[in-house]
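In: with the input below, show me the fold.
(one chain, ligands or ions: 1)
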Amino acid sequence: MRLRNITGSRETIAQSGFVIQQPELLRGQWRREFGGDGPLAAEIGMGKGQFLMEMARRYPQIGFIGIEKYSSVLLRAVQKMEADPLPNVRLVRMEAEEIETVFSEGELDRIYLNFSDPWPKDRHAKRRLPSAAFLARYDRVLKKDGELEFKTDNRELFDFAVEELQTAGWKIRELTYDLHSDPRLSRDNVMTEYEERFSAKGNPICKYIIGR
Ligand code: SAH
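Out: As a prediction, the model looks like this:
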């Protein structure tokens, strides 16, 4: 998701109390940041934050951390948070590749990837957020019995993601090629912005939940 570079977005982000400006300083301390010892979940590539914020409303005991690379996109989430503040949400502008500088080993209980960029060219496969290279990073920051959930309507990306699991040593706990037609898996489903857009076009949504 690329938006035109909105003038002043960096300034707005720098001034928001919901945005963690130096996330490295919270490495190993995120639970304390949320004022307790509850579970921690991160959405990597959170976009405008619809999923993250609805999850935070439904699960107030969980601390949700939204990670987004672009200020212009993060700005939208910041504006929503300013309008409707949620105490259990924090936002971080960063490149997912650096996730280990921000979370200590086993610090996260859950990771969400929603509608990650497909990077269709073979030579860009390593940039795909569900690639084996990224799974190795998630493996370190996710606690032992933690889980990772991935949703996309892009079948090529999903097939790639499933193939990457074997090499990376992860196991499938749940898998569907049509989430919205699966009564059990869709029961507590929270729609992301992309999910609303693409399912309205008739695209089935693929999802897996994995663990080690
Ligand atoms: N999760 C949202 C947005 C999906 S678009 C939804 O489902 O509606 C993918 C988002 O991931 C974009 O906002 C993009 O900027 C962000 N993103 C892509 N690669 C990233 C990376 N390496 N690190 C952090 N964010 C990334």
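
In: and the closest residue to Lys48 other than its chain neighbours, how far from the ligand?
Out: Nearest-residue entry for Lys48: Arg76, 4.0 Å, with adjacent residues in sequence omitted and distances by C-beta to C-beta, 6 or more residues apart in numbering. Yep, even glycine has a C-beta here, placed from its N, CA and C like the rest. Going from Arg76 to the ligand by C-beta to the nearest ligand atom, to the nearest Å gives 9 Å.

In: what about Arg76, which helix or strand?
Out: Assigned by DSSP states H and E, Arg76 belongs to helix 71-83.

In: okay, helices next: where are they in this structure?
Out: Assigned by DSSP state H, the helices in the chain fall at 9-15, 30-33, 50-58, 71-83, 132-141, 155-168, 193-200.

In: TSV for those helices, including mean neighbour count?
Out: Formatted as TSV, the helices of the chain follow (neighbours: other C-beta atoms under 10 Å):
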stretch	mean neighbour count
helix 9-15	15
helix 30-33	15
helix 50-58	20
helix 71-83	19
helix 132-141	19
helix 155-168	16
helix 193-200	16
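
In: mean pLDDT lowest for which of those?
Out: When those are compared by mean pLDDT, helix 9-15 comes last with a mean of 87.

In: before we move on, back to that, for the helix holding Arg76, name the packing helices and strands.
Out: Applying 3 or more C-beta pairs under 8 Å, 6 or more residues apart in numbering; DSSP states H and E, we find helix 71-83 packed against helix 9-15, helix 50-58, strand 63-68, strand 89-93.

In: kindly reformat those as CSV containing distance to the ligand.
Out: Output for the helices and strands packed on helix 71-83, formatted as CSV (distance: least, C-beta to the nearest ligand atom, whole Å):
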stretch, distance to the ligand
helix 9-15, 13
helix 50-58, 6
strand 63-68, 5
strand 89-93, 9
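
In: what's the nearest residue to Pro120 if we skip its chain neighbours?
Out: Nearest to Pro120 is Glu156, by C-beta to C-beta, 6+ apart, at 7.0 Å.

In: can you check Ala125 too?
Out: Ala125's closest residue in space is Ser131 (C-beta to C-beta, 6+ apart), at 5.9 Å.

In: pretty sure the one you found contacts Leu165?
Out: No: the criterion here is C-beta atoms under 8 Å, and Ser131 misses it with Leu165 at 10.7 Å.

In: distance of the residue nearest the centre of the chain relative to Arg123?
Out: Nearest to the mean C-alpha position of the chain, by C-alpha atoms, centre = their mean, lies Glu43 at 1.9 Å. Distance, Glu43 to Arg123, by C-beta to C-beta, to the nearest Å: 27 Å.

In: what does the protein put close to the ligand?
Out: Proximity of the chain to the ligand, by C-beta under 6 Å from any ligand atom, involves residues 1, 44-47, 67-70, 73, 95-96, 114-117, 192-195.

In: related to what we said a few turns ago, nearest to Gly36, of the helices and strands packed on helix 71-83?
Out: strand 63-68 (8.1 Å; C-beta to C-beta).
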